[in-house]
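1. need coordinates for the following:
(one chain, ligands or ions: 1)
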Amino acid sequence: MDHLIHHQPVLVQEVLDFLAVEAGGTYIDGTVGEGGHAEAILGQAGPCGRLLGLDLDDGALATAKARLEEWQESALLMKHSYSHMDDAVSELGVEQVDAVLLDLGLSSLQLEGSGRGFSFRQDEPLDMRFDPLNGVTASEVVNTYPQDRLTSIIARYGEEPRARVIARAIVQGRPFSSSHQLAEVIASIVGRTRRVHPATRTFQALRMAVNSELDRLQAGIHSAIGLLKSGGRLVIISYHSLEDRIVKQAFVHEAKNCVCPPRAPACTCGHVATLGLLTRRPITPSMKEVQANPRSRSARLRAAERLPRQNSDPTCEEVVRKDRG
Ligand SMILES: C[S@@+](CC[C@H](N)C(=O)[O-])C[C@H]1O[C@@H](n2cnc3c(N)ncnc32)[C@H](O)[C@@H]1O
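-> Numbers count the residues shown, from 1 in each chain. Predicted structure coming up:
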C-alpha cells in the first residue's frame, strides 16, 4: 500500500470556518479518508484539540495515520462507520463534541489505487466495498441479482434513465469479473454520446448499493445531531445530487418545529427543531480551486448549527400556537 498518495481535501478554508474550529475543541471527522481535512482541523485546534477520525477502509486509515503522525497525541483513528459515530465517541472519553465533518464520496487512493474497481479507469476486480472485509461485493450484485432489482438499483442510485436497458445487458452479459468488462458492455449499449462515460452512473449506483450509502448518510446525520453540543456545527460535503438532496432535506426537516402536513388543522407531530441552517444554498469551490483540483468540481458543502437543548423543549403544539400568535 502506497501511503504517499495524498488526497487533496476540498473546500478546506470553508470547512474550517463552518466547523468554527477553535483551539482546544473536540471534533469528529466521520470520513477521515487520507487525513487531509483532519490535518487542517488539528492544525487549527492546536495541541489541546482532539479529533476522532473514522473510516471503513483500512488503507485509508493507514494513510491517515501516517499523515497525522505529528498529531498522534490528539488524533484517535478508528475503523468504524460514521452512521453510528455515537458508539465510537465514548473512546474519546466525551459525550458531546464541538463539530462533525462528513466528506462523502471517494478518496484519491480509492479511485486510483485500491484495486477494488471503484473506477473503470483501471481494470480491477468488481468489489467496491469501502470495508473490504464486510458486505456484498459489486461482483455478487451484478452476477447474481435479478434483472428487476438491478434496474431499480441503477435507476434509484444512478438516476440513470436507461436503467432497464443496462440491467438487461448486464444479465445477458454475465458473468463479469472486472471493471473494464462491465464498463465496455454498458458503453456498447448506451453509446458514447454523453460528456461523461456512459458507465459512470451505473458504477455510482453499484457503489452506493454495495455500501448502503444513503441509509448510512441518513443515520449519520442523526447520530451527529445527537452528539453535538449546543451551537456545535455539522458540515457535510457531497458530490452528487442524490446525496446533496438527502442532506438538504434532512437539514430542512431538522430546522422545523412542526413537520405536520401544511393543511393539518392542528399539530400532532411533536417535532422540535434541532438545527439552525447556516447555508441556504450549497457552498461550491471557486474556479481557482477547481482548476487546481478538478475533483473538487462537483463538491457541495452544507452546514448547520445545533440548536440549544432545553430541559423542557416546548411541544410542537406550543411552538405552532406561538408562531401563529
Ligand atoms: C472523500 S473521502 C474523505 C477524504 C478526507 N476528507 C481527506 O481529506 O482525506 C471519503 C472517505 O469516506 C469513507 N467512508 C465511506 N463511507 C463511510 C462510512 N459509512 N463510515 C466511515 N467512513 C466512510 C471512505 O472510505 C473514504 O475514505
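2. might you name the residue of the stretch 151-300 of the chain sitting closest to the ligand?
-> Arg216 (4.4 Å; CB to the nearest ligand atom). Glycine gets a C-beta too; all of them are placed from N, C-alpha and C.
3. quick one: that residue and Ser83 touch, right?
-> Yes: using CB atoms under 8 Å, Arg216 is in contact with Ser83, at 4.0 Å.
4. and the stretch 151-300 of the chain, which residues reach the ligand?
-> Counting by CB under 6 Å from any ligand atom, the positions of the stretch 151-300 of the chain adjacent to the ligand are Asn211, Arg216.
5. ok so, going back, for the residue of the stretch 151-300 of the chain closest to the ligand, grab phi and psi.
-> Main-chain torsions, Arg216, degrees, to the nearest 10: phi -70, psi -40.
6. contacting residues around it?
-> Counting by CB atoms under 8 Å, 6 or more residues apart in numbering, Arg216 makes contact with Ser81, Tyr82, Ser83.
7. got the residues you listed as a markdown table, with secondary structure and distance to the ligand columns?
-> A markdown table is the format used below for those (DSSP: H, G, I helix; E, B strand; the rest coil; distance: CB to the nearest ligand atom, whole Å):
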| residue | secondary structure | distance to the ligand |
| --- | --- | --- |
| Ser81 | coil | 4 |
| Tyr82 | helix | 4 |
| Ser83 | helix | 5 |
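8. CSV for the residues you listed, including pLDDT and distance to Arg168?
-> Listed next are the contacts of Arg216 as CSV, based on pLDDT from 0 to 100; distance: CB to CB, whole Å:
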residue, pLDDT, distance to Arg168
Ser81, 97, 34
Tyr82, 98, 36
Ser83, 97, 33
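9. so can I have a markdown table of the residues you listed showing neighbour count?
-> Formatted as a markdown table, these follow (neighbours: other CB atoms under 10 Å):
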| residue | neighbour count |
| --- | --- |
| Ser81 | 22 |
| Tyr82 | 25 |
| Ser83 | 22 |
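10. where do the helices of the stretch 1-150 of the chain begin and end?
-> 12-19, 36-45, 58-67, 85-88, 108-113, 138-144, 147-158 (DSSP state H, counting those that start in this stretch).
11. could you check how many residues crowd around Asn91?
-> No, residue 91 isn't Asn; it's Glu. As a burial measure, Glu91 scores 11 neighbours (other CB atoms under 10 Å).
12. hmm, back to that, weakest of the helices of the stretch 1-150 of the chain by average pLDDT?
-> Ranked by mean pLDDT, the helices of the stretch 1-150 of the chain end with helix 108-113 at the bottom, a mean of 82.
13. neighbours around Val100, how many?
-> Val100 has 27 nearby residues by other CB under 10 Å.
14. ok, the residue most central in space within the chain - contacts?
-> Among the residues of the chain, Leu104 comes closest to the average C-alpha position under CA atoms, centre = their mean, at 2.8 Å. Leu104 makes contacts with Thr31, Glu213, Leu217, Ile236, Ile237, Ser238, Tyr239, Glu243, as judged by CB under 8 Å, 6+ apart.
15. farthest pair in those residues?
-> Glu213 and Ile237 (13.9 Å; CB to CB).
16. and these two? which has more neighbours close in?
-> Neighbour count, other CB under 10 Å: between Glu213 and Ile237, Ile237 has more, with 29 against 21.
17. so what's the more buried one scoring on pLDDT?
-> Note on Ile237: pLDDT of 98.
18. got the domain ranges for the chain?
-> 12-107+213-323, 131-210 (automatic domain parsing).
19. show the average pLDDT along stretch 289-299.
-> 94.
20. got a list of contacts for that stretch?
-> By CB under 8 Å, 6+ apart, the residues outside stretch 289-299 that reach it are Gln8, Val10, Leu11, Ser108, Ile237, Ser238, Tyr239, His240, Thr284, Pro285.
21. spatially nearest residue to the second one, not counting backbone neighbours?
-> When you say that, I think you mean Val10. In this structure, Val10 finds its nearest non-sequential neighbour in Ser296, 4.1 Å apart by CB to CB, 6 or more residues apart in numbering.
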